[in-house]
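S.K.: Need a 3D model of the following:
(one chain, ligands or ions: 1)
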Amino acid sequence: MDAALFGVDGFPAGVCFGASWARTPVEQHGHLSVSGHRIIDARGRAVSLAGLSLFWSNSGWGGDAFYNVETVRWARDDWGAQVIRAAMGVEGDGGYLEDRSNEAKVEAVVRAAVHAGVYVIIDWHSHHAEEHQAEAVDFFVRMARKFGHLPNVIYEVYNEPLGGVSWSSTVKPYAERVVDAIREVDPDNLVVVGSPTWSQDVDVASEDPIVGRANVAYSLHFYAETHRAPLRAKALAALQNGAPLFVTEWGTVNAWARGSVAERSVAEWMDFLAEHKISHCNWSLNDRDEAASALRPGADPRGEWPSSALTTSGQLVKRILTGWRGRCPPGMAPA
Ligand code: MG
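M.R.: Alright, predicted model coming up:
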């Protein structure tokens, strides 16, 4: 797949990918959209994609070393990743608000994903997005102009609103404003919206959903050691209320990215995601010294990781991802 065919300029020519994919995920599924409470592919089949989230892009935090084409290519070929999330840090040291180079890091991942034929989430990785709505609108309009014609691209307009924030009077109006701005440029690519309590209150959002705008889904975040059946009950309530869900971020450990890998809880969650055809990205593809990282400290930031470079979490996540297409093939068209 030649990125130039998609009008993405500036991509280095002559990059050769492995031949392990007869067809890339995007060639297989094409443009994603929402139908009822499902996300469907271009053939109308309910689809569950498995993938990886990169770490915050903030300059100086270390995770941005993995924002490159070699990492994306390796994640696809060796881990079976169908979707990559570029988590653009907004606030904090080295975040987008004080360092606009974060945008170029995201663009590098988008171009890599286009070249690799995987989906890519452009994530406004913020806990206070309503405080910077104008900046979010400006950023996403620019992304939509550059990339909105590509089937690869998914917009995530608010990573995790905090606990105690109102869905109806704060998060929803923010999201509607950003979605409307995107839609003026790009009429159709999938948009994912967070909900209060670190994107756990999908049931609350589903009771007062965003209406009149095409292809909007809601992000659900869980960390397997902390979140179990009660959060799945909230997710099920949201689905029953007609809200499509996308797990843009999940962890094998606790919600503070620490603790131990909760293997049994992870298995219960994966059963749930497969049953309901929900896509998911693991937090995170990074080598920071914390339990949630997929890679051990010092792992090569340009892929080609031997199994000795993977953490306990990374080994489990790789097993899940490499088996996902066989375990959760595209479903029949939803009723
Ligand atoms: Mg589009």
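S.K.: Quick one: low-confidence residue ranges for the protein.
M.R.: Scanning the chain for pLDDT under 70 picks out 1-22, 335.
S.K.: Residue numbers of it in contact with the ion?
M.R.: Residues of the chain that fall close to the ion, judged by Cβ under 5 Å from the ion: Gly148, Asp186, Asp188, Asn189. For glycine as for every other residue, the C-beta is placed from the backbone atoms N, C-alpha and C.
S.K.: Which residue, other than its chain neighbours, is closest to the second one?
M.R.: Pointing back at Asp186 there. Gly148 (2.8 Å; Cβ to Cβ, 6 or more residues apart in numbering).
S.K.: Now that that neighbour has come up, it's in contact with Val185, right?
M.R.: Yes: in this structure Gly148 lies within contact range of Val185 using Cβ atoms under 8 Å: 5.7 Å.
S.K.: what residues are up against the residue of the stretch 201-335 of the chain found nearest the ion?
M.R.: For the stretch 201-335 of the chain, the residue closest to the ion is Asn215, as judged by Cβ to the ion, at 9.1 Å. Neighbour list for Asn215: Leu32, Ser33, Val34, Asp188, Asn189, Leu190, Val191 [criterion: Cβ atoms under 8 Å, 6 or more residues apart in numbering].
S.K.: In the helix or strand harbouring the third one, which residues are buried?
M.R.: Element membership of Val34 [criterion: DSSP states H and E] is strand 33-35. For strand 33-35, burial by neighbour count (16 or more other Cβ atoms under 10 Å) applies to Ser33, Val34.
S.K.: Equivalent analysis for stretch 220-227, please.
M.R.: Quick answer for stretch 220-227 (16+ other Cβ under 10 Å): Leu220, His221, Phe222, Tyr223, Ala224, Glu225, His227.
S.K.: Among those, which pair sits farthest apart?
M.R.: Leu220 and Glu225 (16.6 Å; Cβ to Cβ).
S.K.: Tell me the helix or strand right after the helix or strand harbouring Lys172.
M.R.: Secondary structure from DSSP H and E places Lys172 in helix 172-185. Elements were assigned by DSSP H and E; along the chain past helix 172-185, the next helix or strand is strand 191-193.
S.K.: Direction included, what does that next one pair up with?
M.R.: In the sheet, strand 191-193 lines up against strand 153-156 (parallel), strand 216-223 (parallel) (DSSP bridges).
S.K.: And the last one, how far out from the chain middle?
M.R.: Just to be clear, that refers to strand 216-223. Computed by Cα atoms, centre = their mean, to the nearest Å, the chain-centroid distance of strand 216-223 equals 9 Å.
S.K.: And for Arg288, nearest residue in space, chain neighbours not counted?
M.R.: Gly62 (6.0 Å).
S.K.: quick one, what contacts the one you found?
M.R.: Gly62 sits in contact with Phe55, Asn286, Asp287, Arg288, where contact means Cβ under 8 Å, 6+ apart.
S.K.: so can I have CSV of the residues you listed showing neighbour count?
M.R.: Converted to CSV, the contacts of Gly62 look like this (neighbours: other Cβ atoms under 10 Å):
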residue, neighbour count
Phe55, 26
Asn286, 28
Asp287, 24
Arg288, 15
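S.K.: Mark which of those are part of strands, please.
M.R.: Among the contacts of Gly62, no member is found in strands (DSSP state E).
S.K.: and Ala87, that's in a strand?
M.R.: Yes: assessed with DSSP: H, G, I helix; E, B strand; the rest coil, Ala87 lies in a strand.
S.K.: neighbours of it, just the number please.
M.R.: Applying other Cβ atoms under 10 Å, we find 31 other residues in the vicinity of Ala87.
S.K.: my read: it touches Asp123, true?
M.R.: Yes: with contact defined as Cβ under 8 Å, Ala87 counts as touching Asp123 (4.8 Å).
S.K.: shared neighbours of the two, anything?
M.R.: Joint contacts of Ala87 and Asp123 (Cβ under 8 Å, 6+ apart) are Ser53, Asn159.
S.K.: In which helix or strand does the closest residue to Val69 other than its chain neighbours reside?
M.R.: Of all residues not flanking Val69 in the chain, Ala112 sits nearest, at 3.8 Å (Cβ to Cβ, 6+ apart). In the assignment (DSSP H and E), Ala112 maps to helix 101-116.
S.K.: and if you look at Gly323?
M.R.: helix 312-327.
S.K.: what does the strand or helix carrying Val137 rub up against?
M.R.: Using DSSP H and E, the element containing Val137 is helix 133-147. For helix 133-147, contacts defined as Cβ under 8 Å, 6+ apart pick out 8, 90, 96-97, 103, 106-107, 110, 114, 122, 124, 126, 129, 153, 155, 157-158, 174, 177-178, 181-182, 184-186, 189.
S.K.: tell me which residues in it are buried?
M.R.: By 16+ other Cβ under 10 Å, the buried positions in helix 133-147 come out as Gln133, Ala136, Val137, Phe139, Phe140, Val141, Met143, Ala144, Lys146, Phe147.
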